[in-house]
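>>> Pasting the sequence and the predicted coordinates here, then a few questions.
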Amino acid sequence: MSWGSWDNFLAMGGYAFYVWGSYLAALGLVIAEIALLALRKRSVLGRLRAGRPGNR
Amino acid sequence: MRVNWFKYSSPQTFFPLAGKLAFWFGALAFLACAAGLYIGFFRAPTDAQQGEAYRIIFIHVPAAWMSMFLYIVMAFWAGLGLAFNTRLSGMMASALAPTGALFTFLALWTGSLWGKPTWGTWWVWDARLTSELILLFLYFGFMALQAAIDDPRRADKAGAVLALVGVVNIPIIYFSVKWWNTLHQGASVSLTRAPTMAATMLAGMIVMALGFWFYSIALALMRARCIMLERERASEWAVEYARGSA
Amino acid sequence: MMAALRCVIHRDLLLAVRRSSDVLTVLLFFVIVASLFPLGVGPDPALLRAIAPGVIWVAALLASMLALNRMFASDHADGTLEQMLLGATPLGMTVAAKVLAHWLVSGLPLVLISPVLALQFDFPQESLWTLTLSLALGTPALSLIGAIGAALTLGLRGAGALLSLLVLPLYAPVLIIGAGAAEAAVSGLGGQAQLLLLGALLVFAGAFAPWAAAVALRISSE
């Protein structure tokens, strides 16, 4: 599958909004999930170090 | 050599193993997704009917597969925890739920974006999308129930009952929705009928599904580690780990 | 054991009769919700006839869900539930008896009044029987499934809204088949297949839901 040019690839035959909308949403959700998990870990480690009771 | 099935059923022993496994599965996930995307964009040909819009399939279908698979795995671990009273099984089930909900939402989002250019509307009440919507509600219900219960053991067990009831209901829901859809839509086509599958298209979908699967494992293990630290905060190993990782 | 179950049903019915406002509220909710839809979509008779089975079914579903909180809450509050957990009668049977009493008070009145509401939507009279029968088979199934949710959310903050979230996805098949039965009757195809399926769902729910709810009750009471 050769796209010919970078512009053709980005345009996705006119469906750029739908195709890239899907892929960017997937990437965004994955990044958000990893980031939220990292924040959660940081918060629990902080609480453990301080010896404070935390949630559950 | 006798296998000790319960060796890793204590949070203390499983914690470091989960960390190592998460790293390797994360790396595998990255590779698999890269390979899948390469196949999807540079090997699979343009579809005759749908043009380039069909390429959403490489996210939509693997996400839908994962959403259903993760619910079953979640119900499995929850059931195991209920039956054997192992704390870690319940933690694993709770760790899987948000990732499962994410894939369900992604399947719905990409389904909607696929439906607009191909069938003209942002939402299509076809059997798969409607079942996915109900599955999303099932995930949210599980997470909401666990969030509402303060005692973690009660939360695990209650969630397990709900997950098991849900998993029994999923086939019933799917078939009743499928029947409902055919009755009302008549001769229309649905998103479940994929374009004529070139071998490369199928290969792309399967590789992406593998990538999503490895990603789910990695993330569930990382989240399980967080849950272990949160719940075992009174124990020495948790405090030592926190001090050690400063 | 039968004596114990009769006792449970008798007690629940007696309590419901004494607090008859609970029963009437559910019934009134059903009537009001069903009457709200024409206000929302307009008085066009053809449209109302088309949406009648779905609207009546959804209204009945929501009304019966409103009453679910009552199933175990008052017993939990005054300690009767603990006695039931400790008693000799299998908890699953006790739950089944409570669900039956609950349906007699919150489900059956809906079934009985549904033909009147259906006539408001100009529902064809020949199909009224199928609609009523579908509700008669469906509302007990809804009560049974709802009992699981009520048992899981016992004593929690915000139990009402959480209960809805838990139970509504599980209600979907009953709704689809029940409303489908009424629609099939209207369109002339006859609703026998759907009614049989509803019966199957009811039997399935009757066999497993009391047991699942009993497990959930023990979990909620520890």
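In hand now; what should we look at? Numbering: from 1, shown residues only, chains lettered A, B, ... in the order given.

>>> Please name the nearest non-neighbouring residue to residue 15.
You didn't say which chain, so I picked chain A. In space, and not counting its chain neighbours, residue A:15 is closest to residue B:53: 4.1 Å by CB to CB, 6 or more residues apart in numbering or on different chains. All C-beta spots, glycine's among them, are computed from the backbone N, C-alpha and C.

>>> hm, I was asking about chain B
residue B:228 (5.6 Å).

>>> Ok, residue B:210 next?
Spatial nearest neighbour of residue B:210, excluding adjacent residues (CB to CB, 6+ apart): residue B:32 at 4.8 Å.

>>> tell me which element that neighbour falls in.
Taking DSSP states H and E as the criterion, residue B:32 maps to helix B:11-38.

>>> buried sites along the next helix or strand after that helix?
Downstream of helix B:11-38, the next assigned helix or strand under DSSP H and E is helix B:57-84. Buried positions in helix B:57-84, judged by neighbour count with 16 or more other CB atoms under 10 Å in any protein chain shown: B:57-71, B:73-82.

>>> Return the residues of chain A in contact with chain B.
Proximity of chain A to chain B (CB under 8 Å from any CB of the partner chain) is limited to residues A:1-3, A:9, A:12-15, A:18-19, A:21-23, A:25-26, A:29-30, A:33-34, A:37, A:40-41, A:44-45, A:47-49, A:51, A:53-56.

>>> Pull out the buried members of those residues.
Of these, these count as buried by 16+ other CB under 10 Å: A:3, A:12, A:15, A:18-19, A:21-23, A:25-26, A:29-30, A:33, A:37, A:40-41, A:44-45, A:47-48.

>>> Which ones among those map onto helices?
Per DSSP state H, helices hold the following members of these: A:18-19, A:21-23, A:25-26, A:29-30, A:33, A:37, A:40-41, A:44-45, A:47-48.

>>> Could you tell me which residues make contact with the residue most central in space within chain B?
Central residue of chain B (CA atoms, centre = their mean): residue B:100, 3.1 Å from the mean position. Shown in contact with residue B:100 (CB atoms under 8 Å, 6 or more residues apart in numbering or on different chains): B:66-67, B:70-71, B:74, B:139, B:216.

>>> at 6 Å instead, please
Contacts for residue B:100 (CB atoms under 6 Å, 6 or more residues apart in numbering or on different chains) come out as B:67, B:70-71, B:139.

>>> Same check on residue B:157?
When contacts are counted by CB under 6 Å, 6+ apart, residue B:157 touches B:82, C:219.

>>> Kindly indicate whether it is helix, strand or coil.
Following DSSP: H, G, I helix; E, B strand; the rest coil, the label given to residue B:157 is helix.

>>> tell me the pLDDT at residue 47?
Answering for chain A, as no chain was given. Confidence at residue A:47, expressed as pLDDT, is 88.

>>> Chain B is the one I meant
For residue B:47, pLDDT reads 80.

>>> Over to residue B:174?
85.

>>> Name the helix or strand for it, please.
Residue B:174 is part of helix B:152-185, with elements assigned from DSSP H and E.

>>> So for that helix, what gets flagged as buried?
Neighbour-count burial for helix B:152-185, counted by 16+ other CB under 10 Å, picks out B:152, B:154-167, B:169-170, B:172-174, B:176-181.

>>> any idea of the angle whichever helix or strand comes after it forms with helix B:152-185?
Downstream of helix B:152-185, the next assigned helix or strand under DSSP H and E is helix B:199-231. Angle, helix B:199-231 to helix B:152-185, by axes from the mean of the first three to the mean of the last three CA atoms, to 10 degrees: 150 degrees.

>>> What is the helix or strand of chain B with the lowest mean pLDDT packed up against?
Within chain B, no helix or strand scores below helix B:236-244, which has a mean of 85 by mean pLDDT, DSSP states H and E. Using 3 or more CB pairs under 6 Å, 6 or more residues apart in numbering or on different chains; DSSP states H and E, the elements in contact with helix B:236-244 are helix A:16-50.

>>> now the helix it packs on, how far from the chain's geometric center?
Centre-to-centre, helix A:16-50 and its host chain are 5 Å apart (CA atoms, centre = their mean, to the nearest Å).

>>> what does stretch B:46-62 give?
Using CA atoms, centre = their mean, the offset of stretch B:46-62 from its chain centre is 21 Å.

>>> for that stretch, how far is the first residue from the last?
Across stretch B:46-62, the terminal residues are separated by 19 Å (CA to CA, to the nearest Å).

>>> what residue ranges in chain B score low on pLDDT?
Residue ranges of chain B with pLDDT under 70: B:1-3, B:183-197, B:246.
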